[in-house]
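Asks: Can you look at this prediction? I've put the sequence above it.
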4 protein chains.
Amino acid sequence: MYLRIQPTSEIPIYTQLIYQIKKGIIKKELMPGESLPSVRSLASDIGINLHTVNKAYKLLVEEGVLVQQKKGFMVNPSVNLMMKEDQFKAFREKLEELIIDARIFNVSDEVLMDLKTEIMKILKESDEDDVV
Amino acid sequence: MYLRIQPTSEIPIYTQLIYQIKKGIIKKELMPGESLPSVRSLASDIGINLHTVNKAYKLLVEEGVLVQQKKGFMVNPSVNLMMKEDQFKAFREKLEELIIDARIFNVSDEVLMDLKTEIMKILKESDEDDVV
Amino acid sequence: MYLRIQPTSEIPIYTQLIYQIKKGIIKKELMPGESLPSVRSLASDIGINLHTVNKAYKLLVEEGVLVQQKKGFMVNPSVNLMMKEDQFKAFREKLEELIIDARIFNVSDEVLMDLKTEIMKILKESDEDDVV
Amino acid sequence: MYLRIQPTSEIPIYTQLIYQIKKGIIKKELMPGESLPSVRSLASDIGINLHTVNKAYKLLVEEGVLVQQKKGFMVNPSVNLMMKEDQFKAFREKLEELIIDARIFNVSDEVLMDLKTEIMKILKESDEDDVV
DNA sequence: GTGGTCTAGACCACC
DNA sequence: GTGGTCTAGACCACA
């Protein structure tokens, strides 16, 4: 799995990392039960501090996306994750902001659909990619 | 227009304010060309810091939603706002994160649609409200 | 409130801090809704690193003992806290270990009771202390 | 004697092993003077590392629960074990933490008693089991 | 002035 | 070799 981190982005590095990992899971580059690289090795691989990686991993455990073993972290083997209440509230909030901005800045439904399909394509499983 | 600010929310107050104002515009409680309350009065009205209101107004000017006059701020009289490049990139990023989380946490299309219609209802024009 | 940290103890500093704060709440030296010292000031007061204090505060928020505001942390104003499932399991585990050790090392019921009353005394409210 | 080790538990394996052995002694599945399985065989039996078993045995010797013979370990034939000072301090500390958490999280005396009787039942001698 | 983020580097516990 | 703990110190966002 390739992780692309933009150090200059406004989005905190640990947040970028969280979504990169989630993406990997959706794309089935990371399977349930699969181990993640160690905090230290991933940190040195992508050139960031180990604490930053650790924070991302811990938050993903908190969300239930990863589980921590005695040695290292792995993708939660259980398939059916659910948002916690607070998380869902934040999700709703984010969606509301998105809709508001779409309305204020006159983003057409067409553009929205294009965006969605573009994103869906990125999240497509790698295997499907080959088939296509 | 009523502005509801939650000081305890994890969302920065200036961000809340920005979206409250955008909401007001969508609901036509604030019309193009209409003046906004002065920084001072709004700050004291909703009991927040003057700098916070100022920051929200400035950012809205930056986005083109408001325009600054010699004295105070008003809603941009021009109707067709468009996102700038950076803004659109952030918008896309936010959408991607939402979709990723929806996929990871198995948010059903049903729930998503419910959320959307719920949000749309909130953004309905006050006039329509009367009709109903 | 006085916080006594033993840097040489086997118990991690942040854990000691957590229990010191809980003690303060039980003794009513910290009341529901009361603000805690800032991460930085507490850290410098007791001569430890700010990240260590921050970790303790965050974990207490996680447990529901503290809540985080825009600015600083405060004791959860709500009175009825409950353990989460995992926490209760750990609690039970700890109790089991304690009972096992008491049995193995022939700790008499008398000694146990003495310990309990001694601990209870420490946790007594300061006000009662004066009365007595 | 059956040893149940949970490799995924957050409790270190050597600690789990220590308490499993103590449990065996309390339940009289392991009698004073009885030999324990060799480090090697136990390690392979329960599928854990050799060093982990060794560490558990060594610590139990340290506590006086086991004694080391020329060849292998056996349960201390002496019946009246006592805690050393440090151990007792740790015991007291653990009890204090338990009491604090019970108070903070409003664990009722009822629940506490239920927990205790539940644990006592687990520690009942196997013979008594038969009687019942 | 508050916490948030990030870095660099050290020592320790567990397996 | 894995994560856990702790320290020191820097820059930033928010109010």
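Replies: Structure received.

Asks: hey, let's count contacts and neighbours off CA atoms from now on
Replies: Noted.

Asks: what's next to the longest helix anywhere in chain A, contact-wise?
Replies: Scanning chain A for the longest helix, with DSSP state H as the assignment, gives helix A:85-104. Defining contact as Cα atoms under 8 Å, 6 or more residues apart in numbering or on different chains, one finds that helix A:85-104 is touched by A:108, B:19, B:22-23, B:25-26, B:81, B:91, B:94-95, B:98, B:115-116, B:119.

Asks: Tell me the buried residues in that helix?
Replies: Neighbour counts over helix A:85-104 (16 or more other Cα atoms under 10 Å in any protein chain shown) mark A:88, A:91-92, A:94-104 as buried.

Asks: Then stretch A:118-129?
Replies: A:Ile119, A:Leu123, A:Glu125.

Asks: Next up, the contacts around the first one.
Replies: Applying Cα under 8 Å, 6+ apart, one finds that A:Ile119 lies in contact with B:Glu96.

Asks: ok, which stretches of chain A are strands?
Replies: A:66-68, A:73-75 (DSSP state E).

Asks: Can you lay out the buried residues of stretch A:118-129 as a markdown table showing pLDDT and distance to C:Met1?
Replies: Below are those laid out as a markdown table (pLDDT from 0 to 100; distance: Cα to Cα, whole Å):
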| residue | pLDDT | distance to C:Met1 |
| --- | --- | --- |
| A:Ile119 | 95 | 53 |
| A:Leu123 | 92 | 53 |
| A:Glu125 | 74 | 56 |
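
Asks: restrict those residues to those near DNA strand E?
Replies: Among the buried residues of stretch A:118-129, no residue lies close to DNA strand E (Cα under 7 Å from any atom of the strand).

Asks: out of these, who's nearest A:Ile46?
Replies: Nearest to A:Ile46 out of these is A:Leu123 (Cα to Cα; 21.4 Å).

Asks: The closest one and A:Ile26 touch, don't they?
Replies: Yes. Counting by Cα atoms under 8 Å, A:Ile26 is a contact partner of A:Leu123 at 6.3 Å.

Asks: for the contacts of helix A:85-104, which one is nearest D:Val61?
Replies: B:Leu98 (56.0 Å).

Asks: Can you tell me how far that closest one is from A:Lys94?
Replies: To A:Lys94, B:Leu98 is 8 Å away according to Cα to Cα, to the nearest Å.

Asks: Then A:Lys55?
Replies: A:Lys55 sits 22 Å away from A:Lys94, going by Cα to Cα.

Asks: what's the answer for A:Val107, then?
Replies: On the measure of Cα to Cα, A:Val107 and A:Lys94 end up 17 Å apart.

Asks: ok, back up a step: out of the strands of chain A, flag the one nearest A:Ser38.
Replies: The minimum distance between A:Ser38 and the strands of chain A falls on strand A:73-75, with 7.5 Å, by Cα to Cα.

Asks: Quickly check: that closest one near chain B or not.
Replies: No. Strand A:73-75 does not reach chain B (Cα under 8 Å from any Cα of the partner chain); its nearest approach is 11.7 Å.

Asks: now check that strand, is it near chain D?
Replies: No. With Cα under 8 Å from any Cα as the criterion, chain D is not reached by strand A:73-75; the gap is at least 11.3 Å.

Asks: Name the residues that touch that strand?
Replies: A:30-38, A:57, A:65-68.

Asks: so how many other residues sit close to the residue of chain A found nearest DNA strand F?
Replies: Residue nearest to DNA strand F within chain A: A:Ser38 (3.4 Å; Cα to the nearest atom of the strand). Applying other Cα atoms under 10 Å in any protein chain shown, we find 17 residues neighbouring A:Ser38.

Asks: residue boundaries of the helices in chain A?
Replies: A:13-26, A:39-46, A:50-63, A:85-104, A:109-122, A:126-131.

Asks: Minimum distance to B:Asn49: which of those helices has it?
Replies: helix A:85-104 (22.8 Å).

Asks: angle of that closest one against helix A:109-122?
Replies: Counting by axes from the mean of the first three to the mean of the last three Cα atoms, to 10 degrees, helix A:85-104 lies at 140 degrees to helix A:109-122.

Asks: how far does helix A:85-104 sit from the chain's center?
Replies: Centroid separation between helix A:85-104 and its chain, computed with Cα atoms, centre = their mean, to the nearest Å, is 17 Å.

Asks: average pLDDT for that helix?
Replies: The average pLDDT for helix A:85-104 rounds to 96.

Asks: re the thing from before, and of the helices of chain A, who's closest to C:Ile46?
Replies: helix A:50-63 (24.0 Å).

Asks: Please export the C-alpha coordinates of stretch A:87-98 as PDB.
Replies: C-alpha atoms of stretch A:87-98 as PDB (Å, rounded to 0.1, in the frame of the first residue of the first chain):
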ATOM      1  CA  GLN A  87     -18.700  10.500  15.500                       C
ATOM      2  CA  PHE A  88     -22.100  10.400  13.800                       C
ATOM      3  CA  LYS A  89     -22.900  13.900  15.000                       C
ATOM      4  CA  ALA A  90     -19.600  15.100  13.600                       C
ATOM      5  CA  PHE A  91     -20.400  13.300  10.300                       C
ATOM      6  CA  ARG A  92     -23.800  14.900  10.100                       C
ATOM      7  CA  GLU A  93     -22.200  18.300  10.800                       C
ATOM      8  CA  LYS A  94     -19.700  17.900   8.100                       C
ATOM      9  CA  LEU A  95     -22.300  16.800   5.600                       C
ATOM     10  CA  GLU A  96     -24.400  19.900   6.500                       C
ATOM     11  CA  GLU A  97     -21.400  22.200   5.900                       C
ATOM     12  CA  LEU A  98     -20.800  20.500   2.600                       C
END
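
Asks: how about that stretch, does it reach DNA strand F?
Replies: No. Applying Cα under 7 Å from any atom of the strand, one finds stretch A:87-98 out of contact with DNA strand F, separated by at least 14.6 Å.

Asks: How about the residues of chain A by DNA strand F?
Replies: Near DNA strand F, when you scan chain A using Cα under 7 Å from any atom of the strand, you find A:Pro37, A:Ser38, A:Val39, A:Arg40, A:Ser41, A:Asn54, A:Lys71, A:Gly72, A:Phe73.

Asks: Are any of those residues buried, and if so which?
Replies: Buried by 16+ other Cα under 10 Å: A:Ser38, A:Val39, A:Asn54, A:Phe73, out of the residues of chain A next to DNA strand F.

Asks: Dump those into CSV; add distance to DNA strand E and pLDDT as well.
Replies: Output for those, formatted as CSV (distance: Cα to the nearest atom of the strand, whole Å; pLDDT from 0 to 100):
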residue, distance to DNA strand E, pLDDT
A:Ser38, 13, 96
A:Val39, 11, 97
A:Asn54, 9, 97
A:Phe73, 13, 97
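
Asks: Show me which of those residues is closest to chain D.
Replies: Within these, the smallest distance to chain D is 11.3 Å, found for A:Phe73 (Cα to the nearest Cα).
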